[in-house]
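**Q** the following comprises the amino acid sequence and a computationally predicted model.
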Amino acid sequence: QVQLVESGGGLVQAGGSLRLSCAASGRTFSRNNMGWFRQAPGKERTFVASITSGGNTYYSDSAKGRFSISRDNAKNTVYLQMNSLKPEDTAVYYCAAQLGYTWDYWGQGTRVTVSS
């Protein structure tokens, strides 16, 4: 069982930055792929970024060049650094852990609001 707790969301002006954190429980964190997803009001949840157990990173087109995902295995934490934020980045951001072939565990989400 893995529990994920996100933090770091809030209200920021367009062009600003936020760093989201996701603290994970369990002893298998370093072996899990970790990801960030987001769900804007009235829309489906979409992929933002992921990082493998080996440190390889992947980004959605909208996140590429502005967001950066990283992990600290010693702290069982994954981060999402978001720069140059836009109003369209407004969403609830979710952390997820992949143990097998699917995203098996999800956090409760943290809300990000970007004002214009």
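**A** The structure has been received and is ready for your questions. A quick note: this is a predicted structure, and the numbers were derived from the prediction, not measured.
**Q** which residues sit in contact with the residue most central in space within the chain?
**A** By Cα atoms, centre = their mean, the mean C-alpha position of the chain lies nearest to residue 36, the distance being 2.8 Å. By Cβ atoms under 8 Å, 6 or more residues apart in numbering, residue 36 lies in contact with 20, 22, 48-50, 69, 78, 80, 93-96. Where you see a C-beta, it was placed from the backbone N, CA and C, and this is true even at glycine.
**Q** give me the element it is part of.
**A** Assigning secondary structure by DSSP states H and E places residue 36 in strand 33-39.
**Q** what is the least confident helix or strand in this protein?
**A** Within the chain, no helix or strand scores below strand 103-106, which has a mean of 94 by mean pLDDT, DSSP states H and E.
**Q** can you list the strands that that strand pairs with?
**A** strand 91-98 (antiparallel) (DSSP bridges).
**Q** one step back: quick one: the strand holding residue 36 to strand 91-98, angle?
**A** 160 degrees (axes from the mean of the first three to the mean of the last three Cα atoms, to 10 degrees).
**Q** give the pairing partners of whatever helix or strand comes next after strand 33-39; include direction for each.
**A** Sequence order places strand 45-51 as the next helix or strand after strand 33-39, per DSSP H and E. Its sheet considered, strand 45-51 pairs with strand 33-39 (antiparallel), strand 57-59 (antiparallel) by DSSP bridges.
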